[in-house]
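A.B. asks: sequence plus the predicted model coming up.
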Number of protein chains: 4
Amino acid sequence: MYIKNDRAEDVKITYIGGGSRGWAWNLMSDLAVEDQMSGTVTLYDIDIEAARNNVIIGERLQEAGGEKNFCYHACGNLREALQGADFVVISILPGTFEEMEYDVHYPEKYGIYQSVGDTAGPGGIFRALRTLPMYVEIANAIKEVSPDAWVINYTNPMGACVRMLYEVFPDIKAFGCCHEVFGTQELLAHLAETEYGVDKIDRREIEVNVQGLNHFTWIKEAAYKGKDLFPLYAKAADKYRDGLEYEEGRSWLNSYFANANCVKFDLFRRFGLIAAAGDRHLAEFCPGWYLKDPEVVKGYKFSLTPVSWRKENLKKLLEKSRKRVSGEEEVKIEPSGEEGVRQMKAIAGLGSYITNVNMPNRGQIRNIEDGVVVETNAVFSCNSVRPVVTGDMEKNIMELTRPHIYTQNAVVEACMKQSLKPAFKAFASEALVCLPIKEAEELFEGMVRGTSKYLGYYTE
Amino acid sequence: MYIKNDRAEDVKITYIGGGSRGWAWNLMSDLAVEDQMSGTVTLYDIDIEAARNNVIIGERLQEAGGEKNFCYHACGNLREALQGADFVVISILPGTFEEMEYDVHYPEKYGIYQSVGDTAGPGGIFRALRTLPMYVEIANAIKEVSPDAWVINYTNPMGACVRMLYEVFPDIKAFGCCHEVFGTQELLAHLAETEYGVDKIDRREIEVNVQGLNHFTWIKEAAYKGKDLFPLYAKAADKYRDGLEYEEGRSWLNSYFANANCVKFDLFRRFGLIAAAGDRHLAEFCPGWYLKDPEVVKGYKFSLTPVSWRKENLKKLLEKSRKRVSGEEEVKIEPSGEEGVRQMKAIAGLGSYITNVNMPNRGQIRNIEDGVVVETNAVFSCNSVRPVVTGDMEKNIMELTRPHIYTQNAVVEACMKQSLKPAFKAFASEALVCLPIKEAEELFEGMVRGTSKYLGYYTE
Amino acid sequence: MYIKNDRAEDVKITYIGGGSRGWAWNLMSDLAVEDQMSGTVTLYDIDIEAARNNVIIGERLQEAGGEKNFCYHACGNLREALQGADFVVISILPGTFEEMEYDVHYPEKYGIYQSVGDTAGPGGIFRALRTLPMYVEIANAIKEVSPDAWVINYTNPMGACVRMLYEVFPDIKAFGCCHEVFGTQELLAHLAETEYGVDKIDRREIEVNVQGLNHFTWIKEAAYKGKDLFPLYAKAADKYRDGLEYEEGRSWLNSYFANANCVKFDLFRRFGLIAAAGDRHLAEFCPGWYLKDPEVVKGYKFSLTPVSWRKENLKKLLEKSRKRVSGEEEVKIEPSGEEGVRQMKAIAGLGSYITNVNMPNRGQIRNIEDGVVVETNAVFSCNSVRPVVTGDMEKNIMELTRPHIYTQNAVVEACMKQSLKPAFKAFASEALVCLPIKEAEELFEGMVRGTSKYLGYYTE
Amino acid sequence: MYIKNDRAEDVKITYIGGGSRGWAWNLMSDLAVEDQMSGTVTLYDIDIEAARNNVIIGERLQEAGGEKNFCYHACGNLREALQGADFVVISILPGTFEEMEYDVHYPEKYGIYQSVGDTAGPGGIFRALRTLPMYVEIANAIKEVSPDAWVINYTNPMGACVRMLYEVFPDIKAFGCCHEVFGTQELLAHLAETEYGVDKIDRREIEVNVQGLNHFTWIKEAAYKGKDLFPLYAKAADKYRDGLEYEEGRSWLNSYFANANCVKFDLFRRFGLIAAAGDRHLAEFCPGWYLKDPEVVKGYKFSLTPVSWRKENLKKLLEKSRKRVSGEEEVKIEPSGEEGVRQMKAIAGLGSYITNVNMPNRGQIRNIEDGVVVETNAVFSCNSVRPVVTGDMEKNIMELTRPHIYTQNAVVEACMKQSLKPAFKAFASEALVCLPIKEAEELFEGMVRGTSKYLGYYTE
């Protein structure tokens, strides 16, 4: 990779999980229309067929995007795929939706409901247990083959995944990206449009200062063109106690991913800060408040995303992939709204850039200990990503957050020791797992059994 | 102040020390050509005549700059001047050059030589003792009259001045600015020009990550268009052991402010990091290494700036002021190279911006305690200045830096307690004051006597 | 107070809550047989009659004890009572058992069971809310009248009470004493007797290193005459899964205060450390594990002490007091087993002494923040009580402990701000209060109503 | 080792440096009259003859002491000597007095004077460089052979030696002992005798709370039978500006080890705390104040101990040893005044005991970082040595202390990396080495050359 005439040339991107139908398509679409970068993308996947299909789709997207700047390769060997990488993107599904079914629905037998089940709660812990051993392998491979590469993680649970990379290879240049904050910026943009009578405000015009754990991040300051947005938000939180939906045709009634911001507004009324993630995620970080049972969930106007839906959706995506590969369906360039490409350009040396990332704490949140992966804004510039100082986390929010820090520590420790024991200790004291010890053990063992195919790494 | 059509309108700037011929002229010149801001500037000075003269010069500059966007007022009452301020600029001379003569030259009787005498060393301590009581007054006035204003400090000693503002008014929104880092960026730009055969590189294109105390700041990373500049600098430090000068017609032989970078290169060879201030400043932070006696100084190719020169220069500036006011001499708009105006625009909400500032430590340097005013990069955006996390200070540099942190603590404590005692303790253990206690006491008392006119604040 | 011939003469003890039938009688009994101290005891109580009765009982005890070394006075004015005090003992009941009935039993309506209700849980929080305003008054009086006195607290909730004294008067010389650790030393002594075939081991011969919050303290090391007792305890925890009782005629079946150590052994099997308090207290610090419902409690072989019993018992004590005052019943000197007198002697200068105390953290527990009142061993010597360094708290125990630290912070903040709001935030996230926010609010409001007579201090 | 009838039987002590004529004789003398311990002492020394001679002397002392409780062996193999050790005592001389001559007198060529040269200053650094590699070997041997043994260090530089043990083997149970504090207790005892008209006060009756680095420790509180001794000491510091000597026939005029407390009193007048070491040691920790040149030293009434004296003295001791071995001279039991034996008894389980020790900081001094070896009081009890919490170090004393912490870090780092470079960095910024870099390099290299026989461990 080098800069010439304000273009980053010969950029080498390695995509781990490169057969995916979600994030990989997003990135390929964004690269197709990027005119300041050129290079090659190596798609690595344990499902090499899927990677090969994506090579075809990637090349089609390049054609659709005009001048071809990136070429695509599939690769089934991790170390080979990492050779010479400038950037490594990681976006993998640990196990299949069969395991995820256990993550999300098995705890329902014990009265525990989860709206997503991929970050916090019993589901988040088991997902971490499956994922982290893969991250050990990835981190070791990067350390060995491409230690100078910048690593961008999209896999959940975000905190534990990024943390694991640093535990294995402390000098790794890794960070995690998540778009959940963007949704809240859009909500703020909507409120500002209404208040100031502006037609369309881009979410990027909403300046925010964020602080927290991924999917449980909080906005401490928000401004639009010099105007503080907190008074606006406070008004909204008070006014829309029954929820606010503003996207044409999209509602929590027709989409598992939509919500009416009831949880967000409730959290604002409690704590005075803006929770910056979807309600489905936020709910899982709190004790019984929003997820006591399906009725309570409905009252807060969001949904428990069933894994059956994900399975159905996967079938559709596979069909779509087949059609795109065969040419039955035309590929379409759709700006993903993600920031990966923009971040890469800044790191390559094409101008500074500020956005939120997940990185080990080195002072960005004063009252959280060193090393915990936290989410804050950071400055991206030439070969550097530097978090900004955000001060102390508000103490009541800290109290809600602390058990999740403990969980992050515990699953990473479990993986380091190849032992499920530290994970169980965190599991038994999880906010959503308010069970007597016997039942907690039973539930844990049941989930271990159900997902054992992917837990071979643990020796006890 | 408000934003309209991407302009900050009705900006109210209060300039404390508004009669000055240096920084005030710079700012007025920059404002005259600024087309994204409009408003009023209130020049406050205890020398009200000087302020009035600057009103005239400011208005002339506006005319020279084309469309008039700022109007000027003089004001002799601090609280009145602060009314409604959006920005407060502070740039004052504590006492006169008579006092500064004591700061710099009196210690020479004891074999102590200082190249500047306004930050570290005996001179820095006495300058602090004179300045801080004024900062108590200023901070109290801001707290009372314009608590939401952003405060930009230019006065030295930078660290102690900014610190004092926060001690008196912890919620103040203040930071300190200094251009010393820019000179090192220019040196790096020069080296890059030569190496890469580029014609002219603007110092702003040199991305640096800085960390330290003002005038003793260190660059930990430096890049130009994606290229790491450390190997280049290392080569230069090795090659130019006898110094490097590259500015046409400007040399340490003909200017008290020029230097041949010998100290900077020596420090690089010792510590492997780039010291980012002029050699004259850097030397004062080290034990006897560079300032043992005038011969040693000459060997390192920089000068001991005599206060007699400053006195002469002041006469010239007063004459120039007189002529500009009377119209004998035309005012000229000269871009100052300073960043104050650009910072104001970012704070007003006109886009983010990154530069180095002096602010209380809140995590930006991990191994320095909370509250000490340190210099690092920061992100300027709407109503916010957020330092970036720069990690630990390298331990050998820490060791050199620590006594100066102690001095910052001590002079601030002296002012809080209105007692010279804490200041003496720091004075007696100053790197440049390696004297038996009796002589240290004698020297201190001599300096107190010589500058007593401005030390009335201290009751013991 | 002064030392002469190895006796502390003219010791002035002020007892706040001096009308009590429990701790006051204990202290008076111990003083009656103490031959290294002499002086006066001032009994202060808002119930001056009770104090006067205790003066009579105290004098009787002196007579029974042989040579009279202490004389007694009652006093109804706090500042007057504190005049010249060397030691101040505080042992008060905040409110009456009517309020305690609300603390303990009202939450049962919401399925929340408490075994004691005076430290953690909803009851602990409300008890703190009633007590702390009194401690503000006491601390202010001590600060003013007897700032050099040593203050010994016996009132619960221990942590919050001692903390409040330091918040109001940071230079106070206060610590809190509790005998709960002694019971665990006795259990260890019993195990050692059995194992080593020793006849009777005094609990003071069991050396322990303790660390934690009062009533949730943990023993990290235990030894008897050079022998590590952990292997012994581990064996017992494994063997006595159905409980161990060893006191002649005393069982959880016949005493509300007895227990079969099931909770203690269960905690050992979970965490590998010895929890050093009665099971009734320990249970309240854990999430639903031991207090889910009365059946679960029974399974762990301890009791929910009903306040009705306390009321009955009070009647008996009042009757006993009446008889002792009237002379119908003879006073009896019974060694209390408490350490207050021994501590006073060490502080007076009669030899060093080591025991467990509750004091603000200043390093004794490395991973708990400064200022939180924690329980560890401390060295008592002349005019000094110095906690020992106990290192880090084990991380899983830390996780259980942290919410209770938060509660301590919150009730103290509530009192400082005279606002119930911070207390509610802690209440709503209390381990035992796993309720939706609406119900948590309802419960909190119910408890406020029920105890409002003693909450007049709070303005919101 | 086990306890039986309040005696520690079968105690195994390994003495590294067991051929010494100083500390070894002391210990053997103390053991000879100890009636609560029995066992064996293994004397290990690289000079096996010296160890064998001490075996004979040790056995003679046993005979002189009455009932024989310890038997002695010599051993020339470290690992063998450590087999089964309960206690390991380390007291070695790194190199010979030839090397020490370089430590102390070579720097005089550069105008640097040292009164002892074994802890701070250039001499302290070089002594550390010679000693630490031996400590690496010792720590590894203990880790391997007797990891549960308690290790008592007497070798200087104390801080670096104890630190090294923990760096190599973090779970080691080691502490360092030094009697310098005792001398200050004796001074306090003398002042108390005079003031209170008491005949003879034992220094153990003076309760002190100490805090600092070994040989630069400070007493923060001191009491005798309930009386605060600070007012007494303050009076003395003021009164005896020309010094105070009170030992019959012993004066700084006739002994290199005596002093008139002028430095101690001067430090008290400066800082208000009692420096608790001999003036010769204290002087070396300060910048030029007391050691500027021999005249200044004389003014403060202490001496620069010449190594020539040590050489002479060694000859006398060797002669004495020869005579004692041959029987020409009778061995005499002289209570050493050291506390090693008493400490061993407490660790064995024979009752708690409090004294000052050197151990890695784990909270005992709040504002010094973890791991630095510091001196404070500690509680000795069964298998445990727990420092007490002493709070923050006073900030002015901190400032004097910090460079010596840096030196401790640096020499340990030098040894870890087998590189002299980190040591040179500390050397060049040592308080007593106020030299331009060229001269500092020259001096350092000279000292390396002069002591190179013992620096083979360093590869650069």
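C.D. replies: Nice, thanks for sending it over.
A.B. asks: buried residues in the biggest helix by length in chain A, which are they?
C.D. replies: Secondary structure of chain A read by DSSP state H shows that its longest helix is helix A:121-145. Going by neighbour count (16 or more other CB atoms under 10 Å in any protein chain shown), the buried part of helix A:121-145 is A:121-136, A:138-139, A:141-142, A:145. Placement of C-beta: from N, CA and C, glycine included.
A.B. asks: filter those residues by proximity to chain B?
C.D. replies: Among the buried residues of helix A:121-145, no residue is within reach of chain B (CB under 8 Å from any CB of the partner chain).
A.B. asks: contact partners for A:E319?
C.D. replies: Counting by CB atoms under 8 Å, 6 or more residues apart in numbering or on different chains, A:E319 makes contact with nothing.
A.B. asks: angle of the one helix or strand it maps to against helix A:121-145?
C.D. replies: Element membership of A:E319, judged by DSSP states H and E, is helix A:307-326. Here helix A:307-326 points in a direction 40 degrees away from that of helix A:121-145 (axes from the mean of the first three to the mean of the last three CA atoms, to 10 degrees).
A.B. asks: run through the residues of chain A sitting next to chain B.
C.D. replies: A:1-3, A:8, A:207, A:209, A:221, A:223, A:225-228, A:348-350, A:352, A:354, A:362-366, A:370, A:377-379, A:381-384, A:386-391.
A.B. asks: just the buried ones from the residues you listed?
C.D. replies: For the residues of chain A next to chain B, buried by 16+ other CB under 10 Å: A:1, A:3, A:8, A:207, A:209, A:221, A:223, A:225-227, A:348-350, A:352, A:354, A:362-365, A:377-379, A:381-384, A:386-390.
A.B. asks: strands of the stretch 351-460 of chain A, start to end?
C.D. replies: Along the stretch 351-460 of chain A, the stretches classed as strands by DSSP state E, counting those that start in this stretch are A:353-360, A:373-381, A:384-387.
A.B. asks: I should have written the stretch 201-350 of chain A there, sorry.
C.D. replies: For the stretch 201-350 of chain A, the strands defined by DSSP E, counting those that start in this stretch occupy A:206-213, A:216-224, A:227-228, A:274-275.
A.B. asks: which of the strands of the stretch 351-460 of chain A sits closest to chain D?
C.D. replies: strand A:353-360 (19.6 Å; CB to the nearest CB).
A.B. asks: what's that closest one in contact with?
C.D. replies: With CB under 8 Å, 6+ apart as the criterion, strand A:353-360 contacts A:153, A:158-159, A:162-163, A:166, A:174-178, A:181, A:208, A:210, A:214, A:217, A:339, A:342-343, A:345-346, A:370-381, A:385, A:387-388, B:352, B:379, B:381.
A.B. asks: can we see that at 6 Å?
C.D. replies: A:158, A:162, A:166, A:175-176, A:181, A:210, A:214, A:339, A:346, A:371, A:373, A:375, A:377-380, A:387, B:352 (CB atoms under 6 Å, 6 or more residues apart in numbering or on different chains).
A.B. asks: okay, the angle between that strand and strand B:353-360?
C.D. replies: Using the same axes, to 10 degrees: strand A:353-360 against strand B:353-360 is 50 degrees.
A.B. asks: so how far is strand A:353-360 off the chain centroid?
C.D. replies: Using CA atoms, centre = their mean, to the nearest Å, the mean C-alpha position of strand A:353-360 is found 12 Å from that of the whole chain.
A.B. asks: elements contacting the longest helix of chain A?
C.D. replies: Other elements packing on helix A:121-145 under the criterion 3 or more CB pairs under 6 Å, 6 or more residues apart in numbering or on different chains; DSSP states H and E are helix A:78-82, helix A:97-105, helix A:158-168, helix A:421-428.
A.B. asks: redo that, cut-off 7 Å
C.D. replies: With contacts defined as 3 or more CB pairs under 7 Å, 6 or more residues apart in numbering or on different chains; DSSP states H and E, the packing partners of helix A:121-145 are helix A:78-82, helix A:97-105, helix A:158-168, helix A:395-417, helix A:421-428, helix A:437-450.
A.B. asks: can those helices go into TSV with extra columns for distance to chain C and mean neighbour count?
C.D. replies: What follows is those, written out as TSV (distance: least, CB to the nearest CB, whole Å; neighbours: other CB atoms under 10 Å in any protein chain shown):
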stretch	distance to chain C	mean neighbour count
helix A:78-82	33	18
helix A:97-105	21	21
helix A:158-168	16	26
helix A:395-417	5	21
helix A:421-428	5	20
helix A:437-450	6	16
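A.B. asks: could you dump those into TSV and include mean pLDDT?
C.D. replies: Below are those laid out as TSV (pLDDT from 0 to 100):
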stretch	mean pLDDT
helix A:78-82	97
helix A:97-105	96
helix A:158-168	98
helix A:395-417	94
helix A:421-428	92
helix A:437-450	92
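A.B. asks: which among those is found nearest to D:L244?
C.D. replies: Proximity to D:L244 (CB to CB) singles out helix A:395-417 among the helices and strands packed on helix A:121-145, at 53.9 Å.
A.B. asks: contacts only, for the residue nearest the centre of chain A.
C.D. replies: By CA atoms, centre = their mean, chain A has its centre lying nearest to A:C178, at 4.1 Å. Residues counted as contacts of A:C178 (CB atoms under 7 Å, 6 or more residues apart in numbering or on different chains) are A:158, A:214, A:358.
A.B. asks: wait, is it part of a helix?
C.D. replies: No. Looking at A:C178 with DSSP: H, G, I helix; E, B strand; the rest coil, it is coil, so not inside a helix.
A.B. asks: now it: how far from D:E137?
C.D. replies: 52 Å (CB to CB, to the nearest Å).
A.B. asks: and A:V433, by the same measure?
C.D. replies: 51 Å.
A.B. asks: same deal with A:M158?
C.D. replies: Distance from A:M158 to D:E137, by CB to CB: 47 Å.
A.B. asks: can you check A:V136 too?
C.D. replies: 36 Å.
A.B. asks: check A:P335 too.
C.D. replies: 65 Å.
A.B. asks: check A:D238 too.
C.D. replies: 72 Å.
A.B. asks: can you check A:Y300 too?
C.D. replies: Per CB to CB, A:Y300 is found 66 Å from D:E137.
A.B. asks: next: A:I48.
C.D. replies: From A:I48 to D:E137 the distance is 54 Å (CB to CB).
A.B. asks: name the nearest residue to the residue of chain A at minimum distance from chain D, ignoring sequence neighbours.
C.D. replies: Closest residue of chain A to chain D, CB to the nearest CB: A:D370 (12.7 Å). Excluding the flanking residues, the one nearest A:D370 by CB to CB, 6 or more residues apart in numbering or on different chains is A:N361, at 5.8 Å.
A.B. asks: I figured the one you found hits A:V374, correct?
C.D. replies: Yes. Between A:N361 and A:V374 there is a contact at 4.9 Å, judged by CB atoms under 7 Å.
A.B. asks: excluding its backbone neighbours, what's nearest A:T305?
C.D. replies: Nearest to A:T305 is A:Y256, by CB to CB, 6+ apart, at 4.3 Å.
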